[in-house]
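Chemist: the following comprises the amino acid sequence and a computationally predicted model.
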Amino acid sequence: MRSTGSASPGHRHGPAARRGAVSILALIGACLLFSTVTPAAHSDPVADTGFAIPFSGAPGYESVAPARITGPEQLNQPLGQDLAETIAGRIGLGSGDALTEQQYRDLSTGGGTGGDRGAAEVIGACVEILTNTVGRPVYSQVNGQSTPSVLASYGLYVNPDGLLESPANADAPTRQVNTLIAPGGYIGTWLRNNGAVHTLAALYRSAYTVQAAFGFAAQQISGSAQLVTNTKGGVSSEVGMSMAPPLWIVNFALIYVLNPALAAAMPASWAPIPPPVADAIEASPTGQVAFGDYASYFS
């Protein structure tokens, strides 16, 4: 367990940090005020999950995201299709909003009108990282050997070169995809050009829009480590940014409209990163550490 009074490179303090937080909150307020999209009506009361704004996301949706694991048997377990459909409904999406099998096949292979294989590879890598649950290992080169890892509940993954990092790390496809999903970007243009305007409209009508503003804010104030502090019951712990409620919901919505079956493979619960590992990631100037040096903590 991590001390509630500890500071880390990924969590800035002092007047400058407070000014940054104020400006980020102002951005969120502007996004909420001027958005023409109505969030899903079936949001829930604010839940005490231990995450603070902006890491908690939009009030009313926090309980939709995964809760902390209560037993080792839950570690890295996927949602399953039934729970995925329930969550989709709670954020304003349904199976009819998703791409057809052919549309998904075209998008994921760089086909269709205006398709791009490089963009498709980034999208595919994102799905692989964010669904890195039991039965879906990621393979990386660790000490010269192809090594599987399953770390989704921690909000971490091992990149192809064997470095352990948050999926929100600047190096990760899951961070680089932001340019593809930005308004007017590749994915929106592809959807418009390939008969999926209804999918794009449904996404923007859902909780995706408001949660994306909170997710952007959270990433801007989290330094290279891109970890999140969760404090509940007087105990603080760290988890990777992808398991913070707004980022998890944004990623769930995006994957769901691509392919609901893939959204069902996302992690159902989050787990605290072992403190020595979190400390090492936060101390690293790149937010990365050699997985081979820390794999034993995840055995």
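Modeler: Received the coordinates, thanks. Residues are numbered from 1 along each chain as shown.
Chemist: where in the chain is pLDDT low?
Modeler: Counting by pLDDT under 70, the ranges of the chain that qualify are 1-47.
Chemist: give the burial count for residue 233, as a bare number.
Modeler: If you count neighbours by other CB atoms under 10 Å, residue 233 ends up with 7. Yep, even glycine has a C-beta here, placed from its N, CA and C like the rest.
Chemist: who are the contact partners of it?
Modeler: residue 50 (CB atoms under 8 Å, 6 or more residues apart in numbering).
Chemist: measure it to residue 254 for me?
Modeler: 32 Å (CB to CB, to the nearest Å).
Chemist: can you tell me the SS state at residue 122?
Modeler: helix (DSSP: H, G, I helix; E, B strand; the rest coil).
Chemist: go on, residue 148?
Modeler: Residue 148 - assigned by three-state DSSP - is strand.
Chemist: pretty sure it contacts residue 137?
Modeler: Yes. With contacts counted by CB atoms under 8 Å, residue 148 reaches residue 137, the gap being 3.6 Å.
Chemist: more neighbours: these two, which one.
Modeler: For residue 148 versus residue 137, neighbours defined as other CB under 10 Å are more numerous around residue 137 (16 against 12).
Chemist: residue contacts, the more buried one?
Modeler: Counted by CB under 8 Å, 6+ apart, residue 137 has contacts 148, 149, 150.
Chemist: number of nearby residues for residue 70?
Modeler: 8.
Chemist: same thing with residue 176?
Modeler: With other CB under 10 Å as criterion, residue 176 counts 14.
Chemist: count of neighbours near the residue nearest to it when sequence neighbours are not counted?
Modeler: Using CB to CB, 6 or more residues apart in numbering and skipping residues adjacent in sequence, the residue nearest residue 176 is residue 122, 6.2 Å away. The tally of other residues near residue 122 (other CB under 10 Å) stands at 16.
Chemist: how much space separates the most centrally placed residue in the chain from residue 255?
Modeler: Nearest to the mean C-alpha position of the chain, by CA atoms, centre = their mean, lies residue 242 at 3.0 Å. Here residue 242 is placed at a distance of 12 Å from residue 255 (CB to CB).
Chemist: hey, what's in contact with both of these two?
Modeler: In contact with both residue 242 and residue 255: residue 130, using CB under 8 Å, 6+ apart.
Chemist: for residue 187, helix, strand, or coil?
Modeler: helix.
Chemist: ok, back up a step: for the residue nearest to the centre of the chain, which residues are in contact?
Modeler: 129, 130, 152, 155, 166, 167, 168, 174, 248, 251.
Chemist: likewise residue 267?
Modeler: Counting by CB under 8 Å, 6+ apart, the residues that residue 267 touches are 66, 76, 77, 78, 79, 133, 152, 153, 243.
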